[in-house]
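1. 3D, please:
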Amino acid sequence: MSDKFEMVKCLREGRDCQEHRLVINRGFNESDIFLINKEYSMSILTLKDAYYKTTELQESSCAQCAELFRCTIRKSLEYIYDDLHRMTKGFFGTKRYQSSYELVCNVLEEIKAEN
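-> Coordinates of the predicted model:
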C-alpha cells in the first residue's frame, strides 16, 4: 500500500516529523486492511492511535501538517461512523457491528472534546 501522506515541501525538509509520518502512514495502511477484513474496532483504534501521534508534533513549523493529519483522520473516522450507522440502524440494521458503532461514536466524541 502507498503512503497516505508524502512530504512535498517543508522548511525543515521533514526532519521533525519523519518518524511521526511513518507511524501515521502505517496506521492508515493497517486501518485500511482492518476495514477490508471488516475488523471495524481494530480500524478505529488504529486511527485513534495515529490521531494521538499527531499531537506529538509540537514544532511551530509542523502545525499545519499536524492539523492536516488530524483532519484526515477525523474524516476517515466519520466515514467509518457513516458506514456503521447504516449497518446498525433502520429496519435492516444488524446488532453485529453495534460495539464498533459505539466505539467510533466514543472516539469521535473524545477527539472533538480535545479541540
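2. residues contacting residue 40?
-> In this structure, residue 40 makes contact with 34, 80, 84, 97, 100, 103, 104, judged by Cβ atoms under 8 Å, 6 or more residues apart in numbering. Where C-beta positions appear, they are placed from N, C-alpha and C, glycine not excepted.
3. can you pull the pLDDT of the residue of the chain most remote from its centre?
-> Most distant from the centre of the chain: residue 91, at 29.4 Å, with distances by Cα atoms, centre = their mean. What the model reports as pLDDT for residue 91 is 71.
4. ramachandran angles for it?
-> When read as degrees, to the nearest 10, the backbone of residue 91 gives phi -60, psi -40.
5. which residue ranges of this structure form helices?
-> For the chain, the helices defined by DSSP state H cover 18-36, 40-54, 63-88, 98-114.
6. packing partners of the helix-or-strand element of the chain with minimal mean pLDDT?
-> Sorting the helices and strands of the chain by mean pLDDT, DSSP states H and E puts helix 18-36 at the bottom, at a mean of 87. Packing contacts for helix 18-36, counted by 3 or more Cβ pairs under 8 Å, 6 or more residues apart in numbering; DSSP states H and E, involve helix 40-54, helix 63-88.
7. and it, what's buried?
-> 20, 21, 23, 24, 25, 26, 27, 28, 30, 31, 34, 35 (16 or more other Cβ atoms under 10 Å).
8. hmm, the third one is touching residue 53, no?
-> Yes - Residue 23 sits in contact with residue 53 when judged by Cβ atoms under 8 Å, with a separation of 5.0 Å.
9. if we can go back for a sec, so the least confident helix or strand of the chain versus helix 63-88, what angle?
-> Using axes from the mean of the first three to the mean of the last three Cα atoms, to 10 degrees, the direction of helix 18-36 lies 10 degrees away from that of helix 63-88.
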